[in-house]
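Visitor: here is a sequence together with a model predicted from it:
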Amino acid sequence: MRTSCITTTGVPCCAVSESGGDGLPGIRISPLPSVEAVAEVAAQALLEACREEPRRPLGLATGRTMVPVYRALVGQVSRLSVREREEIRLRWWSFNLDEYVGLGPAEQGSFAAEMHRNLSEPLGIDADRVLLPDGLAKDPEEEARRYSEALHRAGGIGLQILGLGLNGHVGFNEPPCEEHSPTRCVELCATTRQANASAFNHDLSRVPTRAITLGLSDILAAQRILLVVTGSAKAPILKRLLETSPSSDLPASWLHHHPSVQLLADPSALEA
Ligand code: GLP
């Protein structure tokens, strides 16, 4: 099955790819039969990237889309031999996309807590191998710079996994957002806070108004990007993303400029 998408070069990009990029810009679409299949393929890609040499950190995301991905990853790791499991545990090195300003690992709703619950704890990975911006830092702008510098010192992201916000954000790069936006502190859109309120018992007043996010510049510097989109609620924004030329109105549209982006989507996300 081949699905076409529009590239910014105007060249139709039609491909279903199992691995890396072909050096041409454009999003390669991999339609998969179910959310579970998407999660298994994404988890497999993370496992393979974790074993690669030379080693570069993984770029990780949070959110509902990622819950089945980390569940699948934990399942895949549990089926490895003891030696292989230990290898993954010791080799793990990741930078998350974002964190809410004002929330730390102990707070319900923080991305640090989510990563601990869904990944570090079940896999037995030390917390200092699963890095996130410090939401409790006194100066969030300074923390964003520190985090970006730490990522640069690490050589940048190898494989970056991304979810897609309902308004087209990646990480917390809310529209409008330029292609070269730096890692920084941002104000969250009302719609994003609403969409994420479920992690705060649906109490909107508890959803932070600001976050630290990797900028598009650091995201696009990743060697490879895996965009994971599932569910019918994402279908309209995904359709727009695949049909649009890059523009600041749709932050994820800058992915069209990257040479190696693969989209994993279930049927309902592709049905619009
Ligand atoms: C969130 C996060 C993103 C996430 C996206 C989609 O707000 N900042 O990293 O990928 O929006 O979230 P979800 O998977 O819950 O729809």
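Guide: Nice, thanks for sending it over.
Visitor: and stretch 198-216, how far apart are its ends?
Guide: This stretch, stretch 198-216, spans 26 Å end to end (C-alpha to C-alpha, to the nearest Å).
Visitor: next one: stretch 72-92
Guide: The first residue of stretch 72-92 is 16 Å away from its last residue (C-alpha to C-alpha).
Visitor: pLDDT of it, averaged?
Guide: Stretch 72-92 shows a mean pLDDT of 97 in the predicted model.
Visitor: buried sites along that stretch?
Guide: Within stretch 72-92, the residues that count as buried by 16 or more other C-beta atoms under 10 Å are Ala72, Leu73, Gln76, Val77, Ile88, Arg89, Trp92. All C-beta spots, glycine's among them, are computed from the backbone N, C-alpha and C.
Visitor: now do the same contact list for the residue nearest to Glu40 when sequence neighbours are not counted.
Guide: Spatially, and ignoring its direct neighbours in sequence, Glu40 is nearest to Ala72 (4.9 Å; C-beta to C-beta, 6 or more residues apart in numbering). Neighbouring residues of Ala72 by C-beta atoms under 8 Å, 6 or more residues apart in numbering: Glu36, Ala39, Glu40, Ala42, Ala43.
Visitor: now do the same for the last one: helix, strand or coil?
Guide: In this case it means Ala43. For Ala43, the secondary-structure state derived from DSSP: H, G, I helix; E, B strand; the rest coil is helix.
Visitor: neighbours around it, how many?
Guide: Per other C-beta atoms under 10 Å, the neighbour tally for Ala43 reads 21.
Visitor: these two touch, right, it and Val69?
Guide: Yes: the pair Ala43 and Val69 passes the contact test of C-beta atoms under 8 Å, sitting 5.6 Å apart.
Visitor: how near is Phe100 to Gln108?
Guide: Just so we're on the same page, residue 100 is Tyr rather than Phe. From Tyr100 over to Gln108 the distance is 11 Å, taken as C-beta to C-beta, to the nearest Å.
Visitor: now swap in Trp254 and tell me
Guide: Using C-beta to C-beta, we find Trp254 at a distance of 32 Å from Gln108.
Visitor: comparing those two, which residue is more hemmed in?
Guide: Shown here are Trp254 and Gln108; by other C-beta under 10 Å, Trp254 has more neighbours (23 against 12).
Visitor: with adjacent residues omitted, what lies nearest to the more buried one?
Guide: In this structure, Trp254 finds its nearest non-sequential neighbour in Glu179, 4.5 Å apart by C-beta to C-beta, 6+ apart.
Visitor: how about the contacts made by that neighbour?
Guide: Remark: with contacts taken as C-beta under 8 Å, 6+ apart, Glu179 is in contact with Leu216, Ser217, Leu220, Pro246, Ser248, Trp254, His257.
Visitor: any idea which of those has the most stuff around it?
Guide: For these, neighbours tallied by other C-beta under 10 Å; top is Leu216, 25 neighbours.
Visitor: quick one: contacts for that one?
Guide: Applying C-beta under 8 Å, 6+ apart, we find Leu216 in contact with Val170, Asn173, Cys177, Glu178, Glu179, His180, Ser181, Pro251, Trp254.
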